[in-house]
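[1] Got a predicted structure here, sequence first:
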Amino acid sequence: MKIFLNILVICLMLFSSKEITAQKDSIAQQRKARKMVRQGNKLYEQKQFTDASVAYQKALGNNASYDKASYNLGNALYQNKNFKEAAPQYELSAKTAEDKSSKAEAYHNLGNSMMETKNYQAAVDAYKNSLRNNPNDDETRYNLAVAQKLLDKQNKDNKDNKDNKNKDNKDKKDKDNKDKDDKNKDKDKKDGDDDKDKKDKDDKDKDGKGDKDKDKKQDPNKDDKKDQKHKPKPQQGKMSPQQIKQLLESLNNEEKKTQKKMNAKKAKGKKIKQEKDW
């Protein structure tokens, strides 16, 4: 039992020693953090905002919940126009601040950072949070009114842009559909014209062939006659006077013979007038 009590006492002493050491380290870090903040403030007053930012970051490295360090770091970044980097520092300061006045100031500056980045919705929210902690701050109330007005304008512009974009898309779609319809109509018209031309050609070929067949049917010897028409006729040979005399005598003799035969048959039938073929 005595041994157990001794061990317990030793453990308590060790724990107390560590706790005391931790407390001493924490106090040392807090002192160092405050020292870095004071150094940063001097640099800030000299408008050496970059160096001041480094000092404030070192202070936060020793004490992460040091709201004055985060608030001042936000201010230094804001002065260097690093508005996006300043915003989270103000948010941290607003969360760690112990009094409402400090919270109100952090939210007010957060709203200013959001205004600079044109994030008007976040600015409105920040100014409202600032007024919840300090309702009597007229400057914050004025900034809230400006932020709300800019937010309304931004929303209206976004809506108009969206409507215009939708209208442009609709007009483009309608135009594409119209062009497509016109193209189809032109294609249909061209196909119709081609079909008509083809039909006319077929009809023409058919008519031409029909006329040709018809002509051939009506006069199958037309081509032969045409050929004969253009065939040269044989020229009659010239006869001498003696040949002509002999020919006439021969004809007279033939005529006499024929007359005798006709007279012989006269009683048998009516005489048929014979036409000469020469």
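    Done, it's in.

[2] from here on, contacts and neighbour counts on C-alpha atoms
    Noted.

[3] neighbours of Asp67, just the number please.
    Other residues near Asp67 come to 24 when the count uses other Cα atoms under 10 Å.

[4] Go ahead and confirm it touches Tyr90.
    No - counting by Cα atoms under 8 Å, Asp67 stays clear of Tyr90, with 9.0 Å between them.

[5] Just read off the phi/psi values of Lys47.
    phi 60, psi 30 (degrees, to the nearest 10).

[6] Just give the closest residue to Asn80, not the sequence neighbours.
    Excluding its sequence neighbours, the residue lying closest to Asn80 (Cα to Cα, 6 or more residues apart in numbering) is Phe49, at 6.5 Å.

[7] quick one: contacts for Pro241?
    With Cα atoms under 8 Å, 6 or more residues apart in numbering as the criterion, no residue contacts Pro241.

[8] Now do it, the pLDDT please.
    Pro241 is assigned 73 on the pLDDT scale.

[9] what about dumping the CA coordinates of the strand or helix carrying Ala87 to PDB?
    Per DSSP states H and E: Ala87 is located in helix 83-96. Provided in PDB are the C-alpha atoms of helix 83-96 (Å, rounded to 0.1, in the frame of the first residue of the first chain):
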ATOM      1  CA  PHE A  83      -8.500  41.100 -51.100                       C
ATOM      2  CA  LYS A  84      -9.000  37.300 -51.600                       C
ATOM      3  CA  GLU A  85      -6.200  36.500 -49.100                       C
ATOM      4  CA  ALA A  86      -7.500  39.000 -46.600                       C
ATOM      5  CA  ALA A  87     -11.000  37.600 -46.400                       C
ATOM      6  CA  PRO A  88     -10.200  34.300 -44.600                       C
ATOM      7  CA  GLN A  89      -8.100  36.300 -42.000                       C
ATOM      8  CA  TYR A  90     -11.200  38.500 -41.200                       C
ATOM      9  CA  GLU A  91     -13.300  35.300 -40.900                       C
ATOM     10  CA  LEU A  92     -10.800  33.800 -38.500                       C
ATOM     11  CA  SER A  93     -10.700  37.000 -36.400                       C
ATOM     12  CA  ALA A  94     -14.500  37.200 -36.300                       C
ATOM     13  CA  LYS A  95     -14.600  33.600 -35.000                       C
ATOM     14  CA  THR A  96     -11.900  34.000 -32.300                       C
END
